[in-house]
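**Q** Got a predicted structure plus its sequence, pasted below:
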Amino acid sequence: QVQLVESGGGLVQAEGSLTLSCAASGRAPRRYIMGWFRQAPGKEREFVASIGWSGEDTYIADSGQGRFTISRDNAKNTAYLKMNSLKPEDTAVYYCAAGVDISYPFDSMQDYDYWGQGTQVTVSS
């Protein structure tokens, strides 16, 4: 079992920045692939970014290309999503997820085994 706790969400103005954190605990969290997903009101949950267990393989959805960066610190069992140049359309609940048997680019939601509770990101115009 792996437990995931997101933090770092909040209210920010357009063009601002936020860094989300996902702290993992439990069984061997360093060996898990980590992903970020988001869900806006009335919309389906969508993939945002992912990172392999070593940190070398990353993938950012088109919506975040050039603005979002994903990283991880295995010594702290924590993954991060740095978001720059935020837009109102980035407003959503952001979820952290962890999984093992996932093929690159790790963007398939159903392949993830564990999910956090989510953190709200609101971008005002």
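**A** All right, it came through fine.
**Q** Going by C-alpha atoms from here, please, whenever you check contacts or count neighbours.
**A** Will do.
**Q** how deep is the residue nearest to Pro88 when sequence neighbours are not counted tucked in, by neighbour count?
**A** Across the structure, with Cα to Cα, 6 or more residues apart in numbering as the measure, the residue nearest Pro88 apart from its sequence neighbours is Val123 (4.7 Å). Other residues within reach of Val123, judged by other Cα atoms under 10 Å, total 20.
**Q** Which pLDDT value does the model give Val123?
**A** Predicted confidence (pLDDT) at Val123: the value is 98.
**Q** Name the helix or strand for it, please.
**A** Applying DSSP states H and E as the criterion places Val123 in strand 119-124.
**Q** got a list of contacts for stretch 21-34?
**A** Stretch 21-34 has contacts (Cα atoms under 8 Å, 6 or more residues apart in numbering) with 1-8, 50-54, 74, 76-81, 96-100, 102, 106.
**Q** mind listing what's buried in it?
**A** In terms of neighbour count (16 or more other Cα atoms under 10 Å), stretch 21-34 has its buried residues at 21-25, 29-30, 32-34.
**Q** first vs last residue of that stretch, how far apart are they?
**A** Terminal residues of stretch 21-34 are spaced 11 Å apart (Cα to Cα, to the nearest Å).
**Q** what about Lys76, neighbour count?
**A** The number of residues near Lys76, taken as other Cα under 10 Å, comes to 12.
**Q** now swap in the one 10 residues further on and tell me
**A** Using other Cα under 10 Å, Leu86 has 23 other residues around it.
**Q** wouldn't it be in contact with Thr19 here?
**A** No. Contact between Leu86 and Thr19 fails when scored by Cα atoms under 8 Å: they sit 11.1 Å apart.
**Q** Show me what the residue nearest to Pro88 is bridged to.
**A** Val12 (DSSP bridges).
**Q** From Asn84, how far off is it?
**A** Relative to Asn84, Val123 is positioned 11 Å away (Cα to Cα).
**Q** Strands of this structure, residue ranges please.
**A** Under the criterion DSSP state E, strands of the chain are mapped to 2-7, 10-13, 18-26, 33-39, 46-51, 58-60, 68-73, 78-83, 92-99, 114-115, 119-124.
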